[in-house]
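Trainee: I need the structure of the sequence given here:
(4 chains)
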Number of protein chains: 2
Amino acid sequence: MKIQTFTIQKVSDMTGLSPHTLRYYEELGLLNKIGRNEHSYRMYTQADISWIHFLLRLRSTSMPIAQMQQFSSLRSMGDETIALRLELLENHHNQVQEQIDHLTENLDKIARKIHHYKELLNNGSK
Amino acid sequence: MKIQTFTIQKVSDMTGLSPHTLRYYEELGLLNKIGRNEHSYRMYTQADISWIHFLLRLRSTSMPIAQMQQFSSLRSMGDETIALRLELLENHHNQVQEQIDHLTENLDKIARKIHHYKELLNNGSK
DNA sequence: ATATACCTTCGAGTGAACTCTATAGCAAGG
DNA sequence: CCTTGCTATAGAGTTCACTCGAAGGTATAT
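Mentor: Residues are numbered from 1 along each chain as shown, chains lettered A, B, ... in the order given. Model prediction:
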């Protein structure tokens, strides 16, 4: 039984990353050794796609590409780096939590400004 | 009684924006008519500084500069634009709330990955 | 067989938001 | 009066994360 693989366009559809960006990520070392078919077309496995989805979680929580490179590099070094990866991820987790806290605080201040504008509008039409 | 004013360096210290960025923001039309002293040095009023702090809230909730320009432009047009500003701000409020929701969801997935790594570490030392 | 719609690599281009450089005027301490 | 450090303007340069273009090989439908 063969492992199912996907062309770059399929993966683009599945992840939302353009083929250009998928090649770019590979070149940056974020994706390790994507297989090729007989015409040297990239063929992605399900594992590759899961990894891309995980990378997208990191990206969408504002992890810089440089740090994702570091993480990917540790991953490609095998199981001895799990402790380091864990540390990196826990740090990131804390930063995201802070990010959320700041956003929540700012959101509250914006809500106050909205309230202020609403009052101005009411007094204006008095 | 004179109004107290502040040099660009003071304002930089108070807001965290560099003097460069303060001039840049002014040039973009985000700050309206900063006063000048007899040597044509910028002198910022307390009102200017409050406005900068508000801009920073918008920025740190990822409002693009272009939208801040739009908002600032409405502000400089006076009270007839309050309804429009309110609308703009409410839209932004909703976007920030979505942002927070997405972050929270991703944070949760990252927490699972952390949990997964911790399990790997425990089994490894068994 | 030909059109079209993929795929490849490599290097250049883009847009957002700063950030810095160069050149020059002003100003307070010793 | 000189040095150090502020201020000014205009325009060029930087960083990040893509994004595109050119040139050419491959694949499927008619």
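Trainee: A:H116 and A:N123, how far apart?
Mentor: A:H116 is 11 Å from A:N123, where distance means C-beta to C-beta, to the nearest Å. C-beta: built from backbone N, CA, C; applies to glycine.
Trainee: out of those two, which sits in the more crowded spot?
Mentor: Taking neighbours as other C-beta atoms under 10 Å in any protein chain shown, A:H116 and A:N123 compare with A:H116 leading, 13 against 8.
Trainee: that one: what secondary structure?
Mentor: Here A:H116 is recorded as helix under DSSP: H, G, I helix; E, B strand; the rest coil.
Trainee: any idea how far it is from B:I100?
Mentor: 22 Å.
Trainee: CA atoms of the top strand by length along chain A as PDB?
Mentor: When chain A is scanned for its longest strand (criterion: DSSP state E), the result is strand A:42-45. Presented in PDB, the C-alpha positions along strand A:42-45 are these (Å, rounded to 0.1, in the frame of the first residue of the first chain):
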ATOM      1  CA  ARG A  42       6.900  18.000  -5.300                       C
ATOM      2  CA  MET A  43       4.600  15.400  -3.700                       C
ATOM      3  CA  TYR A  44       3.500  16.200  -0.200                       C
ATOM      4  CA  THR A  45       2.500  13.600   2.300                       C
END
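Trainee: and DNA strand D, is the helix or strand following that strand touching that?
Mentor: The first helix or strand that comes after strand A:42-45 along the chain, using DSSP states H and E, is helix A:46-60. Yes: Helix A:46-60 comes into contact with DNA strand D (C-beta under 7 Å from any atom of the strand), by way of A:R59.
Trainee: could I get the buried residue list for helix A:46-60?
Mentor: A:48-49, A:51-52, A:54-55, A:57-59 (16 or more other C-beta atoms under 10 Å in any protein chain shown).
Trainee: quick one: is it near chain B?
Mentor: Yes: using C-beta under 8 Å from any C-beta of the partner chain, we find that helix A:46-60 touches chain B at A:54, A:57-58, A:60.
Trainee: tell me what that helix is packed against?
Mentor: Applying 3 or more C-beta pairs under 8 Å, 6 or more residues apart in numbering or on different chains; DSSP states H and E, we find helix A:46-60 packed against helix A:8-15, helix A:19-27, helix A:65-76, helix B:82-124.
Trainee: can you pull the residues of chain A lying near DNA strand D?
Mentor: A:18, A:20-21, A:24, A:38-39, A:59, A:64-66.
Trainee: what's the burial count for A:L28?
Mentor: Residue neighbour count, defined by other C-beta under 10 Å, stands at 13 for A:L28.
Trainee: meant to ask about A:R112
Mentor: 10.
Trainee: right, and A:L84 touches A:M77 too?
Mentor: No: counting by C-beta atoms under 8 Å, A:L84 stays clear of A:M77, with 9.0 Å between them.
Trainee: could I get the residues of chain A next to DNA strand D as TSV with distance to B:S72?
Mentor: TSV is the format used below for the residues of chain A next to DNA strand D (distance: C-beta to C-beta, whole Å):
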residue	distance to B:S72
A:S18	34
A:H20	35
A:T21	34
A:Y24	35
A:E38	58
A:H39	54
A:R59	30
A:P64	30
A:I65	32
A:A66	33
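Trainee: which among those count as buried?
Mentor: A:R59.
Trainee: against B:I110, how distant is A:F71?
Mentor: For A:F71 relative to B:I110 (C-beta to C-beta), the value is 12 Å.
Trainee: in chain A, what residue is nearest DNA strand D?
Mentor: For chain A, the residue closest to DNA strand D is A:I65, as judged by C-beta to the nearest atom of the strand, at 3.3 Å.
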